[in-house]
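Peer 1: need a structure here:
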Amino acid sequence: MRILIIEDQKTKIDAIEECILSNIDSEQCRIMVSENLSDARRQLISEPYDLIIFDVYLPATDDVCAETIDVSDEIISEFSKSKNYQTETIAITACEICDVENMNRFNETGVTVVHYSEEDGKWKNSLILKIKRIMDTVNYDFLIFCALAKERSAYSNTDAILGELKTLNGLNCQSVKIGSYNGLCITPARMGLVHMSISVAKGIEAFQPKIVAMSGICAGVEGEVNLLDLIIGDVCWEYQTGKYNGYEFKQEPYQAKINHQIRNELVQLTESEDVIIDIKKGLYDTELKDSTILLGPISSGSAVIASEEKMAEIGLQHRKMAGLEMEMYAMYETASQSLCDPLYFGAKAVVDLGDSSKGDTLHTTASTISARFVVQYLNDKLSRMS
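Peer 2: Predicted structure coming up:
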């Protein structure tokens, strides 16, 4: 558990830490202290916390001569627009509650306000209640989104440990354990951008993951990829956006990109022969002989495409377009706009070229190699993040 104490009085800091450590093993928590508003702002913006504890009055800077001022508005505003916007928060102040200004602001943001006194330890009860609430909350390190049940079923062919199917926050979930990390694999009610956007938004808000991923199948662009190539979405966009003017459709695609650091790490994986061998292990489709892993532009839309002409038309939006599918852009855009600010990526394997010969012969193998890749990267990435 990561805890931030925003307080400048040493005796009060010690009392709060003593209360925390009497309820949590010291090895299970990390306590950070900010003694002024300036440092608190930096901490709130840069790091996610499980619990934030702050005083109403603080010095604005670390200047020893700085006067203490009411900083409650600034602190509440800061965490409300940061990745800590859903963090459990409590204000512990020596002021009498009736003397605290802007109580409406505290109420609006769900911040508990308690009176601190060295003689009266009632404030500890409120702090302990916050700690217990956090400890009872199930945290998920990652979320995986699959548009189809068969894409999710492919995780049974990976090193991940699958748990029970359950409905959480109105979402169709299956618990997944990768190494020592816990997550969920979520399948929307239907395929397509709208249902995926809803599921991703609800999932991120409810479970606050460090990273979200997507696996499954896609169509490939002839001449750019081969069947059963695994395409990692470098950039994604929705091919359907634009304007019809008479009989002409004027395209207006907006792109979403993966994080630069994640991109570099994924590029290195695409160049690893060991990774390619691992994701193909025990699979014998002829197409696997020439298949590889690559980063490339992927376009998304809500319609299934089985037309060479339509594939060519969509391909005009990006000369290096590698794949076409129905959900990845929704996940990228939703994750990028979340205040939770998780890392995100998607990897889908090519099962057809979007033409009239479209079929489902390669679906199981494609779902398996994409799932194996996602599991391998998540395990490596979460280990580094820890």
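
Peer 1: contacts only, for Ala312.
Peer 2: By CB atoms under 8 Å, 6 or more residues apart in numbering, Ala312 lies in contact with nothing. To be clear about C-beta, it is placed using only N, CA and C from the backbone, and glycine gets the same treatment.

Peer 1: helix, strand or coil for the residue sitting furthest away from the middle of the chain?
Peer 2: Distance to the chain centre peaks in the chain at Glu119, reaching 43.8 Å (criterion: CA atoms, centre = their mean). Recorded secondary structure, Glu119: coil (DSSP: H, G, I helix; E, B strand; the rest coil).

Peer 1: for the record, mean pLDDT for stretch 195-208?
Peer 2: When pLDDT is averaged along stretch 195-208, the result is 95.

Peer 1: okay, that stretch in PDB with CA atoms only?
Peer 2: Extracted in PDB, the C-alpha atoms of stretch 195-208 (Å, rounded to 0.1, in the frame of the first residue of the first chain):
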ATOM      1  CA  HIS A 195     -19.300  -1.800 -26.800                       C
ATOM      2  CA  MET A 196     -15.500  -2.000 -26.400                       C
ATOM      3  CA  SER A 197     -15.400   1.700 -25.400                       C
ATOM      4  CA  ILE A 198     -18.000   1.200 -22.700                       C
ATOM      5  CA  SER A 199     -16.300  -1.900 -21.300                       C
ATOM      6  CA  VAL A 200     -12.800  -0.300 -21.300                       C
ATOM      7  CA  ALA A 201     -14.100   2.900 -19.600                       C
ATOM      8  CA  LYS A 202     -16.000   1.000 -16.900                       C
ATOM      9  CA  GLY A 203     -13.100  -1.400 -16.400                       C
ATOM     10  CA  ILE A 204     -10.400   1.300 -16.000                       C
ATOM     11  CA  GLU A 205     -12.600   3.400 -13.700                       C
ATOM     12  CA  ALA A 206     -13.600   0.400 -11.500                       C
ATOM     13  CA  PHE A 207     -10.200  -1.400 -11.300                       C
ATOM     14  CA  GLN A 208      -7.600   1.200 -11.800                       C
END
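
Peer 1: what residues sit buried inside it?
Peer 2: Residues of stretch 195-208 classed as buried by neighbour count (16 or more other CB atoms under 10 Å): 195-204, 206-208.

Peer 1: just stretch 305-315 next, same as before
Peer 2: 305-306, 310-311, 314-315.

Peer 1: could I get the contacting residues of the residue nearest to the spatial centre of the chain?
Peer 2: In the chain, the residue lying closest to the centroid (CA atoms, centre = their mean) is Pro342, at 3.2 Å. By CB under 8 Å, 6+ apart, the contact set of Pro342 is 143, 204, 209-212, 335.

Peer 1: just these: which are in strands?
Peer 2: Under the assignment DSSP state E, these contribute 143, 211-212 to strands.

Peer 1: for these, which one is nearest Gly223?
Peer 2: Val212 (31.1 Å; CB to CB).

Peer 1: so where do the helices sit in the stretch 151-300 of the chain?
Peer 2: For the stretch 151-300 of the chain, the helices defined by DSSP state H, counting those that start in this stretch cover 193-207, 260-270, 273-280.

Peer 1: turn the ones you listed into JSON lines, columns for distance to Asp380.
Peer 2: Below are the helices of the stretch 151-300 of the chain laid out as JSON lines (distance: least, CB to CB, whole Å):
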{"stretch": "helix 193-207", "distance to Asp380": "21"}
{"stretch": "helix 260-270", "distance to Asp380": "8"}
{"stretch": "helix 273-280", "distance to Asp380": "10"}
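
Peer 1: and Met321, how far from Asp8?
Peer 2: 56 Å (CB to CB, to the nearest Å).

Peer 1: with Ser386 instead?
Peer 2: 31 Å.
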